[in-house]
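Colleague: Output the structure for:
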Amino acid sequence: MARYIGPKTKISRRFREPLFGPDKSFEKRSYPPGQHGQARKRGKLTEYAIQLFEKQKAKFTYGVLERQFYKTFEEAARRKGITGENLLKFLEARLDNTVFRMGIAKTRSGARQLVSHRHITVNGKVVSISSYSLKAGDVVGVREKSKTVEVIIDALAQSNNKKFNWINWDEKAMSGTFLTYPERDQIPENIKEQLIVELYSK
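Modeller: Numbering: from 1, shown residues only. You can find the predicted model right below:
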């Protein structure tokens, strides 16, 4: 499974957002990395640089590498509706992201690990592919043998019952239903998806 394994705090500091979840190091220094990161004044960015910056932020946020991200964009462009919004909807429908949204894992990288280690089921069957695309009505849950795994119990205890309109979570059953693709205003991520569309349209 291809994934980003480089320094995460450094990337978060570049975008000035904790893209990979809670990070004590980021909280200490939220300015750009480097010896002069706090005092450095960046020159005016070109249009291309701004668009590329936004695409990279989206890729790091959802933990998707370039090839898979572009395939998702192509699928979004083929579907009816606004391409940028479709892109975010498809990213939100990924299994690893949904596991994260349900609170089964504290971070998306943690969710990917749970999926790849076969702790997660979809409609009662174990699925170990993080990029698995969910459809409306799919039931995502914790495998029966994995319901006592400490990492999962700890994550659910700290999830603070965050609710998303496109997900229905059953705490007792440790499972939830992916009801539908979310609308753009329901997705909390700070991503300017139109800039990504403009970048790929060149």
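
Colleague: Tell me where this structure has strands.
Modeller: 120-122, 125-126, 138-142, 167-170, 175-178 (DSSP state E).

Colleague: Include mean neighbour count and distance to Thr148 when you put these into TSV, please.
Modeller: The way it works is simple: take the backbone N, C-alpha and C, and place the C-beta from them, glycine included. TSV is the format used below for those (neighbours: other Cβ atoms under 10 Å; distance: least, Cβ to Cβ, whole Å):
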stretch	mean neighbour count	distance to Thr148
strand 120-122	22	15
strand 125-126	10	17
strand 138-142	21	10
strand 167-170	17	17
strand 175-178	21	15
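
Colleague: residues contacting the nearest residue to Lys106 once chain neighbours are set aside?
Modeller: Using Cβ to Cβ, 6 or more residues apart in numbering and skipping residues adjacent in sequence, the residue nearest Lys106 is Ala155, 4.9 Å away. Neighbouring residues of Ala155 by Cβ atoms under 8 Å, 6 or more residues apart in numbering: Gly103, Ile104, Ala105, Lys106, Gly110.

Colleague: Let me have those in a markdown table, extended by pLDDT, neighbour count and distance to Phe164.
Modeller: As requested, the contacts of Ala155 are arranged in a markdown table below (pLDDT from 0 to 100; neighbours: other Cβ atoms under 10 Å; distance: Cβ to Cβ, whole Å):
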| residue | pLDDT | neighbour count | distance to Phe164 |
| --- | --- | --- | --- |
| Gly103 | 94 | 23 | 10 |
| Ile104 | 96 | 29 | 13 |
| Ala105 | 95 | 26 | 15 |
| Lys106 | 92 | 17 | 16 |
| Gly110 | 94 | 19 | 18 |
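
Colleague: Name the nearest of those residues relative to Lys135.
Modeller: Ile104 (19.0 Å; Cβ to Cβ).

Colleague: contacting residues around the closest one?
Modeller: Counting by Cβ under 8 Å, 6+ apart, Ile104 has contacts Ala111, Leu114, Ile120, Val142, Ile152, Ala155, Leu156, Met174.

Colleague: How many neighbouring residues does the residue nearest to the fourth one when sequence neighbours are not counted have?
Modeller: So that's Val142. Ranked by Cβ to Cβ, 6+ apart and with sequence neighbours excluded, the top spatial neighbour of Val142 is Met174, at 4.3 Å. Using other Cβ atoms under 10 Å, Met174 has 19 neighbouring residues.

Colleague: now Thr46
Modeller: Per other Cβ under 10 Å, the neighbour tally for Thr46 reads 9.

Colleague: what does the model give it for pLDDT?
Modeller: pLDDT, Thr46: 92.

Colleague: Next: the one 10 residues further on.
Modeller: What the model reports for Gln56 is a pLDDT of 92.

Colleague: Would you mind measuring from it to Ala49?
Modeller: Using Cβ to Cβ, to the nearest Å, Gln56 is found at 10 Å from Ala49.

Colleague: domain assignment for this structure?
Modeller: The chain is divided into the following domains under automatic domain parsing: 8-90+189-200, 94-180.

Colleague: just these: most buried one?
Modeller: domain 94-180 (a mean of 17; mean count of other Cβ atoms under 10 Å).
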